[in-house]
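> Fold the following for me, if possible:
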Amino acid sequence: MHRRSALKKIGLSSLSLPILGQAGSLFASNQAEKRAKQRLVIMFSPNGTIPKSFWPDRLGEDFDHKTILKPLEPFHDKMLILRNLHNKVRGDGDNHMRGMSCLLTGTELFPGNVMGGGNTPAGWPKGNSIDREICKHFQANESTRTRFGALHFGVGIKDTADPWTRMSYDGPNQPVTPLSDPYESYRKLYGNVREKKQVRSILDDLRADLRKVESQLPESDRKLLIEHAQLVNRMDREYAEGSSLENLVAKPPELVEGLRNQNDNLPELGRMQIDLLVNSFVNDFARVATLQYTKSVGQAKMNWLDIDDAHHTLSHEPDKNRVAYDKLVRINTWFAEELAYLLKKLETTPEPGQKGSMLDHTLVIWTNELGKGNSHTLDHIPFVLAGNGFGFHMGRSMSCDNAPHNRFLLSLAHAVGHPLNAFGNPNLCKGGPLDLT
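Numbering: from 1, shown residues only. As a prediction, this is how the structure comes out:
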């Protein structure tokens, strides 16, 4: 896309685009521009928001921060709030199921036997999610390929796998399980150095034993011995490559030990996951990540906020229940505070090898599966964007004119140089990507 734009700007006809578009020497400056890293983080919190305490009253740059968005006020100039954006995917499943599993896929659910509310069964989505699509785009290019491609962090997610608990999909019927335990995340990212050293010591002993018996084996058995020796050498090389943390740009964060993965520890678990997420970006392990707090229909009890009611149950209360209303505002404000913690970590971390902070090269999206909990609406889905990683025009509140959210997903793909014609249901992509620049 950069090359086509440049060719048109210097007055070349469309006939020359397929030929001269391959001439890399004409676009040295564009190639340098492409080397700037782009990263994407999608943060999820469930059960809808509280519109009157969430949406700014004014559009444009001079927007106000209502109670829920107040913790994000320091990032005003780096925020983009998208209003009037709707999830218009219909079909099987209840609104919680389609709200969660169609949020990033933009496509329908297969028929299935997972029973939703009001006797509405469904299965998994019919396509992949935009985070995985962008990950695959990055992984297909050597200059943007990373060790993991994408990482998926969870906070307070139970082991049950169904359309209410998964938002990332690697393809049709392919849910991606988030890492719900920070210690598990740590092991995935950095491994256990001590255990790897022990394994390498055992491999040394095994290699020595194979050498001892080599001369005593008949010719017919030596081929098997050679295969074993080759396997040992290959394992040793693999462990050697991952057994040292000396080459990391930043050392792994120190985690509090022995913290159980249970409800009352969600604040500490969430901060640990955020620290690991940012550190994985610093070390360029991945350029796409998701951070999922609980799940659709999530029943977390925010006891640390002196709220002992289950979140989903509270979200069903009518607006006139002012006690429940105030509790829901406090819950959603807490999620905004966790987002602010993530943004502050990125903002205060210098971009390795380049100017600016990591927030200058990262787009963070905070979203939800519902627009409002007690109405179960899929209209007015909250999308709060922060960071300058995708080149969008930030520092404003913007109306999307009741567009399907598929068009927003398309905008994300186009912003990383992946000009898809459609994503998810093509009928919901008419009009193309939203103009967010």
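> Please enumerate the strands of the stretch 51-200 of the chain.
For the stretch 51-200 of the chain, the strands defined by DSSP state E, counting those that start in this stretch cover 79-86, 114-116, 120-122, 149-155.
> Show me what the third one is packed against.
In this case it means strand 120-122. helix 95-101, strand 114-116 (3 or more Cβ pairs under 8 Å, 6 or more residues apart in numbering; DSSP states H and E). Just so you know, the C-beta spots here come from the backbone N, C-alpha and C atoms, and that holds for glycine as well.
> ok, now with 7 Å
The elements that strand 120-122 packs onto, with contact taken as 3 or more Cβ pairs under 7 Å, 6 or more residues apart in numbering; DSSP states H and E, are strand 114-116.
> just checking, what packs against the strand it packs on?
Judged by 3+ Cβ pairs under 7 Å, 6+ apart, strand 114-116 is in contact with strand 120-122.
> quick one: which of the strands of the stretch 51-200 of the chain is nearest Glu317?
strand 114-116 (20.8 Å; Cβ to Cβ).
> Can you list the buried residues in the closest one?
Buried positions in strand 114-116, judged by neighbour count with 16 or more other Cβ atoms under 10 Å: Val114, Gly116.
> Partner strands of it and their direction?
Strand 114-116 has its sheet partners listed here by DSSP bridges as strand 120-122 (antiparallel).
> May I see the buried residues of the partner strand?
Buried, per 16+ other Cβ under 10 Å, within strand 120-122: Thr120, Ala122.
> again with stretch 46-58
Buried-residue list, stretch 46-58, by 16+ other Cβ under 10 Å: Pro46, Asn47, Gly48, Thr49, Ile50, Pro51, Ser53, Phe54, Trp55, Pro56.
> now do stretch 205-219
Applying 16+ other Cβ under 10 Å to stretch 205-219 flags Leu206 as buried.
> returning to what we had before: can you put the strands of the stretch 51-200 of the chain in a markdown table and add distance to His376 and mean pLDDT?
As requested, those are arranged in a markdown table below (distance: least, Cβ to Cβ, whole Å; pLDDT from 0 to 100):
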| stretch | distance to His376 | mean pLDDT |
| --- | --- | --- |
| strand 79-86 | 13 | 98 |
| strand 114-116 | 11 | 91 |
| strand 120-122 | 11 | 94 |
| strand 149-155 | 23 | 98 |
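> ok, Val249 - contacts?
For Val249, the contacting residues are Val282, Asn283, Pro352, by Cβ atoms under 7 Å, 6 or more residues apart in numbering.
> which of those residues are buried?
For the contacts of Val249, buried by 16+ other Cβ under 10 Å: Val282, Asn283.
> Of the contacts of Val249, just say which sits nearest to Val155.
Comparing the contacts of Val249 against Val155 with Cβ to Cβ places Val282 closest, at 20.5 Å.
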